[in-house]
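Colleague: here is the input, now give the coordinates:
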Amino acid sequence: MKYIFFGTPEFSAIILEKLIDSDMSPLALVCNPDRPAGRKMIVTPPPTKEVVLRKGLFKEIDVLQPEKINEEFLSKLKSYEADFFVVAAYAKILPSPLLTIPRLGVIGVHPSLLPKLRGSSPIQSVILEGAAETGVTLYLLDEKVDHGSILSYAVYGMPAPHIYVDLSGILARLAGNLLVKTLPDFVEGKITGKRQNDAEATLTRKFTTEDGYVDLKNLKDALAGNLELANMIDRKIKALNPDPGVYTLVDNKRMKLLISKVDERKLILEIIQLEGKKPTLFSYLV
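Modeller: This next block holds a predicted model:
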């Protein structure tokens with residue numbers, strides 16, 4: 001099974017580690033370059049590269065970290081003569097010539113049940129919607145966003161809203177297991193893609209700082225027992241933390257809303273962070 005894995009963040013790292021642990025290591029990993037991180041801005045490898053380093057596989061798995069996907073890099077990819085590529089949250093636009101390099105195509109890993117929630121923020125969006133289920137889809141990439149033929153999918157039920165970080169981890173593990181199950185049959189030609197129904201497609205978008213704003217009056221009403229507002233704000237807090245973050249304005253100063261729940265038909269704020277301060281337990285709003 002000769003393939004190259006594209007992915008950078010923790011979501012990708014969980015998937016990559018599952019593949020490695022299942023004796024399905026890639027020929028190479030393509031991820032973003034090392035970047036400064038943290039308050040001290042220490043140059044840090046991305047999570048997927050950290051998996052390769054931690055497992056001592058730096059000699060077995062080539063780590064490629066291009067700033068740009070140019071002709072030179074495409075030639076490098078061709079030299080591996082890989083059967084297919086797997087792309088999971090790589091965060092760079094893949095040019096059309098790249099999709100034609102592997103003989104079996106490029107498999108995309110998308111954390112939603114396509115064609116629902118195509119685009120950049122499916123996990124945050126499904127939490128905001130308050131949906132009862134989500135899942136992951138493996139599909140063959142084409143030139144359109146999350147549009148290609150579906151190879152397989154796995155469903156995850158959500159009886160209650162999840163925190164973004166938690167749901168991301170759950171779906172990454174689900175995707176890793178699905179790849180391990182699907183790839184052998186895919187390589188042997190036992191799986192053929194099923195075309196998506198574009199009429200059922202929905203699109204997501206990248207969220208901005210403004211999306212995280214909560215009107216102070218609405219927040220007070222939710223705390224006082226407006227169940228509709230309580231659920232809406234609670235889902236926003238769960239979906240949009242840590243990025244772009246959720247906040248309100250109190251006396252023209254930002255108050256971040258970090259952790260919440262809905263209990264007894266009202267919003268319960270648990271952890272907040274006042275401007276210039278450390279996170280703390282919430283007490284009350286005047």
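Colleague: just the helices in the stretch 151-286 of the chain please.
Modeller: 164-187, 216-224, 227-240 (DSSP state H, counting those that start in this stretch).
Colleague: what about the first one, average pLDDT?
Modeller: Spelled out, it's helix 164-187. In this model, helix 164-187 carries a mean pLDDT of 97.
Colleague: for it, what is the distance to the chain centroid?
Modeller: Distance of helix 164-187 from the chain centroid (Cα atoms, centre = their mean, to the nearest Å) equals 12 Å.
Colleague: can you show me the CA trace of it as PDB?
Modeller: What follows is helix 164-187, C-alpha atoms only, in PDB (Å, rounded to 0.1, in the frame of the first residue of the first chain):
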ATOM      1  CA  TYR A 164     -15.500  21.600  19.400                       C
ATOM      2  CA  VAL A 165     -12.200  20.100  20.600                       C
ATOM      3  CA  ASP A 166     -13.900  17.000  21.900                       C
ATOM      4  CA  LEU A 167     -15.900  16.400  18.800                       C
ATOM      5  CA  SER A 168     -12.900  17.000  16.600                       C
ATOM      6  CA  GLY A 169     -11.000  14.300  18.400                       C
ATOM      7  CA  ILE A 170     -14.000  11.900  18.200                       C
ATOM      8  CA  LEU A 171     -14.400  12.400  14.500                       C
ATOM      9  CA  ALA A 172     -10.600  12.100  13.900                       C
ATOM     10  CA  ARG A 173     -10.600   8.700  15.600                       C
ATOM     11  CA  LEU A 174     -13.700   7.700  13.600                       C
ATOM     12  CA  ALA A 175     -12.000   8.700  10.400                       C
ATOM     13  CA  GLY A 176      -8.800   6.800  11.300                       C
ATOM     14  CA  ASN A 177     -10.800   3.600  11.900                       C
ATOM     15  CA  LEU A 178     -12.800   4.200   8.700                       C
ATOM     16  CA  LEU A 179      -9.600   4.500   6.700                       C
ATOM     17  CA  VAL A 180      -8.100   1.300   8.100                       C
ATOM     18  CA  LYS A 181     -11.300  -0.500   7.200                       C
ATOM     19  CA  THR A 182     -11.700   1.100   3.700                       C
ATOM     20  CA  LEU A 183      -8.200   1.400   2.200                       C
ATOM     21  CA  PRO A 184      -7.500  -2.400   1.600                       C
ATOM     22  CA  ASP A 185     -10.700  -2.800  -0.400                       C
ATOM     23  CA  PHE A 186     -10.100   0.500  -2.200                       C
ATOM     24  CA  VAL A 187      -6.600  -0.500  -3.300                       C
END
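Colleague: please name the nearest non-neighbouring residue to residue 257.
Modeller: In space, not counting the residues next to it along the chain, residue 257 is nearest to residue 246; the distance is 4.6 Å by Cβ to Cβ, 6 or more residues apart in numbering. Quick note: C-beta positions are derived from backbone N, CA and C, even for glycine.
Colleague: next one: residue 52
Modeller: Nearest in space to residue 52, with sequence neighbours left out and distances taken as Cβ to Cβ, 6+ apart, is residue 61 at 5.1 Å.
Colleague: next one: residue 78
Modeller: residue 101 (5.6 Å).
Colleague: sorry, back to before: quick one: contacts for the residue nearest to residue 52?
Modeller: Residue 61 is in contact with 25-29, 52, counting by Cβ atoms under 8 Å, 6 or more residues apart in numbering.
Colleague: go again using 6 Å as the cut-off
Modeller: By Cβ atoms under 6 Å, 6 or more residues apart in numbering, the contact set of residue 61 is 25, 29, 52.
Colleague: one more: residue 95?
Modeller: Taking Cβ under 6 Å, 6+ apart, we find residue 95 in contact with residue 69.
Colleague: and it, how far from residue 85?
Modeller: Separation of residue 95 from residue 85 (Cβ to Cβ, to the nearest Å) stands at 13 Å.
Colleague: also residue 11?
Modeller: Taken as Cβ to Cβ, the span from residue 11 to residue 85 is 17 Å.
Colleague: residue 165 too?
Modeller: For residue 165, the distance to residue 85 - Cβ to Cβ - is 27 Å.
Colleague: compare those two and say which one has the larger neighbour count.
Modeller: residue 85 (26 against 13; other Cβ atoms under 10 Å).
Colleague: in which helix or strand would I find that one?
Modeller: Secondary structure from DSSP states H and E places residue 85 in strand 84-87.
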